[in-house]
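Trainee: Let me see the structure of the following:
(one chain, ligands or ions: 1)
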Amino acid sequence: MKYRRLGRTGVQVSALGFGTMRLPRGKTEADVNEAESIEMIRFAIDQGVNYIDTAYVYHGGNSERIVGSALEGDYRSRVHIATKLPVWMVNETRDCDRLLDEQLTRLRCGHIDFYLLHCLQKKSWEKMRDIGVLEWAEKARSEGRIRHLGFSFHDDYDTFERIVDEHDWSVCQIQYNYLCEEVQAGTRGLQYAASKDLGVIVMEPLFGGTLACPPRPAQEIWDSVLDRYRPVDLALQWLWNRPEVATVLSGMNELSQVQENIASANRSGVGTLDTDAIELIRRVRDAYMQLSPIPCTKCGYCLPCPHGVNVPQNLELFNHATVLKGNSAVLCKNLYFAMPENERAAGCVECGTCEDHCPQHISIRQMLKEVDKTFR
Ligand SMILES: NC(=O)c1ccc[n+]([C@@H]2O[C@H](COP(=O)([O-])OP(=O)(O)OC[C@H]3O[C@@H](n4cnc5c(N)ncnc54)[C@H](OP(=O)(O)O)[C@@H]3O)[C@@H](O)[C@H]2O)c1
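Mentor: From the prediction side, this is the model:
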């Protein structure tokens with residue numbers, strides 16, 4: 001495994017971090033295959049991965065619990081655990097204490113190495129700051145319950161810069177990949193945080209898996225170069241090529257993905273991409289952009305919909321139907337009607353709850369109307 005400097009924290013972090021938001025699962029988000037997940041996490045640690053990212057809400061709380069089980073024995077001492085405070089569940093600092101206690105219990109450990117305010121946006125940051133979360137975190141740090149404080153981020157660049165400037169953070173976690181250079185914090189945010197010596201942790205490096213399954217025009221470009229380049233490997237190498245990136249979190253859901261991504265990390269390095277690879281990424285990016293799919297990463301923050309609409313599934317089917325043609329588009333329509341009626345786009349009553357939580361700021365209500373019109 002290659003290790004990289006995690007900003008000013010003094011930690012040498014593995015180039016690949018394990019994101020536990022997409023563990024192998026059954027029909028529901030909370031229905032996680034525990035044995036398989038534990039095997040994958042321990043395999044990654046045995047191969048040198050030393051940063052495990054989880055959150056209070058992932059897999060309905062089962063992600064933290066499973067990470068806790070996976071780290072039994074000496075595994076805990078070999079990794080840095082990052083988990084997150086669900087800021088939307090916090091109204092006063094007493095809530096922070098209650099949530100952190102619960103997380104320590106689920107994770108079966110005495111301290112969290114990296115405690116992140118989850119999914120900060122302009123409003124949630126102001127609320128957290130005003131109720132005294134920073135002072136609370138300082139106290140939790142002095143008590144040894146957390147080691148480093150950071151935040152994960154989903155808003156625009158200006159908000160990002162402001163949040164970086166308003167506290168002496170250790171780390172930040174940003175959505176970044178070759179389609180997101182100008183989305184949210186983007187390349188400017190990456191460089192700004194690194195210039196302040198924050199450890200920058202990248203999430204959604206494959207845009208939630210979108211870059212692993214390229215639509216036809218992009219796939220045609222990959223087909224012509226498969227003897228030299230692979231879509232997943234190159235998307236990850238593109239990130240590691242940058243000096244500002246500390247670790248790249250991958251949300252892996254099967255052992256073969258863990259093996260593949262570890263092999264990629266072992267080949268990684270700053271400034272290792274040649275001009276052919278950089279040009280290839282530019283062409284693939286253009287191919288994606290021309291398709292203009294809805295920028296949904298299936299993070300699931302829009303759920304639960306109070307009326308039961310399965311927002312990510314509807315948007316994904318729409319994206320696929322837009323990008324894919326012929327029989328595949330027909331298949332999307334069939335899949336749409338295979339969903340229970342209340343989960344389809346047509347069930348949207350436009351309450352807008354989903355839009356308040358969408359990190360991509362997608363006009364979901366408008367999009368669901370489009371989805372319904374397309375498939376009806
Ligand atoms: N704090 C936040 O606000 C926030 C938000 C999002 C994510 N995160 C964290 O960041 C982590 C990473 O984000 P992400 O899960 O969106 O990562 P990602 O790498 O962009 O997407 C994960 C998906 O990529 C696919 N994949 C991964 N490795 C692959 C391989 N070798 N070959 C083929 N497909 C592969 C899998 O898709 P398939 O399922 O199609 O196989 C997997 O589910 C999360 O797990 C979570 O820990 C945090």
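
Trainee: Residue of this structure closest to the ligand, please.
Mentor: G251 (1.9 Å; Cβ to the nearest ligand atom). For the C-beta atoms, the positions are set from N, CA and C on the backbone; glycine is no exception.

Trainee: correct me, but that residue touches R22?
Mentor: Yes: contact criterion Cβ atoms under 8 Å: G251 and R22 qualify, at 3.6 Å.

Trainee: Give the residues shared as contacts by these two.
Mentor: G209 (Cβ atoms under 8 Å, 6 or more residues apart in numbering).

Trainee: Contact partners for the residue of the chain closest to the ligand?
Mentor: Neighbours of G251 in contact, by Cβ under 8 Å, 6+ apart: G19, T20, M21, R22, E204, G208, G209.

Trainee: Of those residues, which ones also sit close to the ligand?
Mentor: Restricting those to those within reach of the ligand (Cβ under 6 Å from any ligand atom) leaves G19, T20, M21, R22, E204, G208, G209.

Trainee: What is the lowest-pLDDT residue among those residues?
Mentor: Lowest pLDDT among the ones next to the ligand among the contacts of G251: G208, with 82.

Trainee: Tell me, how many residues neighbour that residue?
Mentor: G208 sits with 22 neighbouring residues when counted by other Cβ atoms under 10 Å.

Trainee: distance of it from R129?
Mentor: 29 Å (Cβ to Cβ, to the nearest Å).

Trainee: Low-confidence stretches in the stretch 251-376 of the chain?
Mentor: Scanning the stretch 251-376 of the chain for pLDDT under 70 picks out 292-293, 323-329, 331.

Trainee: Tell me where it has strands.
Mentor: In the stretch 251-376 of the chain, no strands are found when defined by DSSP state E, counting those that start in this stretch.

Trainee: residues from it in reach of the ligand?
Mentor: G251, M252, N253, Q257, E260, N261, T297, C299.

Trainee: so the third one sits right up against G19, yeah?
Mentor: It refers to N253. No: here N253 lies out of contact with G19, judged by Cβ under 8 Å, at a distance of 10.2 Å.

Trainee: who's more crowded, those two?
Mentor: Neighbour comparison, N253 and G19: the larger count goes to G19, with 26 against 20 (by other Cβ under 10 Å).

Trainee: Hmm, S250 and that one touching each other?
Mentor: Yes: counting by Cβ under 8 Å, S250 is a contact partner of G19 at 5.9 Å.

Trainee: any idea how the protein splits into domains?
Mentor: 3-289, 311-375 (automatic domain parsing).

Trainee: quick one, phi/psi of the spatially closest residue to V49 that is not a sequence neighbour?
Mentor: Counting by Cβ to Cβ, 6 or more residues apart in numbering, the nearest residue to V49 once its immediate chain neighbours are dropped is S14, at 4.8 Å. With angles defined as degrees, to the nearest 10, S14 sits at phi -60, psi 140.

Trainee: Which residues are in contact with S14?
Mentor: M1, K2, Y3, R4, G48, V49, N50, Y51, T247, A265.

Trainee: Using TSV, please lay out those residues together with neighbour count.
Mentor: Listed next are these as TSV, based on neighbours: other Cβ atoms under 10 Å:
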residue	neighbour count
M1	14
K2	15
Y3	15
R4	20
G48	16
V49	26
N50	20
Y51	27
T247	30
A265	27
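
Trainee: Those residues in helices, which ones?
Mentor: Using DSSP state H, A265 are the members of the contacts of S14 that sit in helices.

Trainee: Now do the helices in the stretch 101-250 of the chain.
Mentor: 122-131, 133-142, 157-165, 186-195, 216-223, 231-240 (DSSP state H, counting those that start in this stretch).

Trainee: residues of the second one that come out buried?
Mentor: Pointing back at helix 133-142 there. Within helix 133-142, the residues scored as buried using 16 or more other Cβ atoms under 10 Å are V133, L134, W136, A137, A140, R141.

Trainee: average pLDDT for it?
Mentor: For helix 133-142, the per-residue pLDDT averages 98.

Trainee: for it, the distance to its chain's centre please.
Mentor: 25 Å (Cα atoms, centre = their mean, to the nearest Å).

Trainee: ditto for stretch 306-313
Mentor: Taking mean C-alpha positions (Cα atoms, centre = their mean), stretch 306-313 and its chain are 20 Å apart.

Trainee: What are the contacting residues of it?
Mentor: Residues contacting stretch 306-313 (Cβ under 8 Å, 6+ apart): 296, 298-300, 302-303, 305, 339-340, 342-345, 347-349, 351, 353-354, 364, 368.

Trainee: From the buried residues of helix 133-142, list the ones also adjacent to the ligand.
Mentor: Okay, of the buried residues of helix 133-142, nothing touches the ligand (Cβ under 6 Å from any ligand atom).

Trainee: The residue lying closest to S69 once chain neighbours are set aside is in what secondary structure piece?
Mentor: Spatial nearest neighbour of S69, excluding adjacent residues (Cβ to Cβ, 6+ apart): I38 at 5.9 Å. Using DSSP states H and E, I38 sits within helix 34-46.

Trainee: ok, the contacts of S14 vs T159, which is closest?
Mentor: Distance to T159 across the contacts of S14 (Cβ to Cβ) is lowest for T247, with 23.1 Å.

Trainee: Which strand residues bridge that closest one?
Mentor: Here T247 sits in beta bridges with I201, going by DSSP bridges.

Trainee: How about the contacts made by it?
Mentor: T247 touches R4, L6, V13, S14, A15, L16, G17, Y51, G199, I201, V202, counting by Cβ under 8 Å, 6+ apart.

Trainee: Kind regards, and thank you for your time.
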